[in-house]
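K.L.:
Build me a model from this:
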Amino acid sequence: MICKLKCQTSLVEKLVERIVMRFNTKVKKEGLELAKMKLGLEIFFINISKFIIVFSIASHFNLLKESLFMSLVFGSIRSTAFGLHAKNSMVCTLITSVMFIAGPYVSYYIKLDNYVVLAAFIIMTFCFYKYSPADTEKHPILGEELRLKLRKETVLKSLFFMVITMIVKIQVIKAMIVLAIGFDIISILPITYKILNRGHKNYEKYERTNY
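P.N.:
Below is the predicted model:
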């Protein structure tokens, strides 16, 4: 599995290099702009390959629909709450596999009544209000106005999913929604940043220089 991921990353790098070089004959970018173009394409292709692996494994265990559902819920919240990223593609793929394969599997054994759902969402919504959006060293979220906007959107999404989860009667769907949002909560908590020795509130380092 590890060898496969490493080989896949190497193939992605070669593919990106060819595409960028061919495209650059027309746009003629260089330096930082060329590097950004390569990085953007590389992230795009790596994410596609990562999800192909994860969803292929999920399909093998007859969990494809559940995996897709959880990834959509997780992605919806993460698009505004943000949170930690793994430092390399291999680790990211392994973590994603745990979340979107083991997560759906475990969901079939979790029973949640609406009192538990309400309590869970009160805690999670508070965490989103307190700690989102959570940035990274490479991608600081600059601007107080932008951070407030993202925080508001994240809290509203959390409340929306709370209502949906309480209305839904199917237990496995309740569990998958709570788990998917819980996974993003873990990625934004300061304690998680501290345990993994990662920088927290990285925007402060950049904004201080403007004063």
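K.L.:
middle-most residue in this structure, spatially?
P.N.:
Of all residues in the chain, the one closest to the mean position by Cα atoms, centre = their mean is Arg78, 5.2 Å from it.
K.L.:
Quick one, grab the pLDDT at that residue.
P.N.:
Note on Arg78: pLDDT of 91.
K.L.:
From Tyr115, how far off is it?
P.N.:
Distance, Arg78 to Tyr115, using Cβ to Cβ, to the nearest Å: 27 Å. C-beta here means a position set from N, CA and C on the backbone, and glycine is covered the same way.
K.L.:
what does Ile123 give?
P.N.:
13 Å.
K.L.:
if you count what's nearby, which of these two comes out ahead?
P.N.:
Between Ile123 and Tyr115, Ile123 has the larger neighbour count (other Cβ atoms under 10 Å), namely 12 against 9.
K.L.:
Surely the more buried one is in a strand?
P.N.:
No - counting by DSSP: H, G, I helix; E, B strand; the rest coil, Ile123 is located in no strand; its state is helix.
K.L.:
Going forward, the N-terminal residue is numbered 690.
P.N.:
Sure, I'll start counting at 690 from here, so that last one is Ile812.
K.L.:
mean confidence score for stretch 800-812?
P.N.:
Rounded mean pLDDT across stretch 800-812 is 97.
K.L.:
What lies in contact with that stretch?
P.N.:
847-848, 850-851, 854-855, 860, 863-864, 867, 870-871 (Cβ atoms under 8 Å, 6 or more residues apart in numbering).
K.L.:
Ranking by neighbours, what's the top pick from these?
P.N.:
Most surrounded of the contacts of stretch 800-812: other Cβ under 10 Å gives Ile870, at 27 neighbours.
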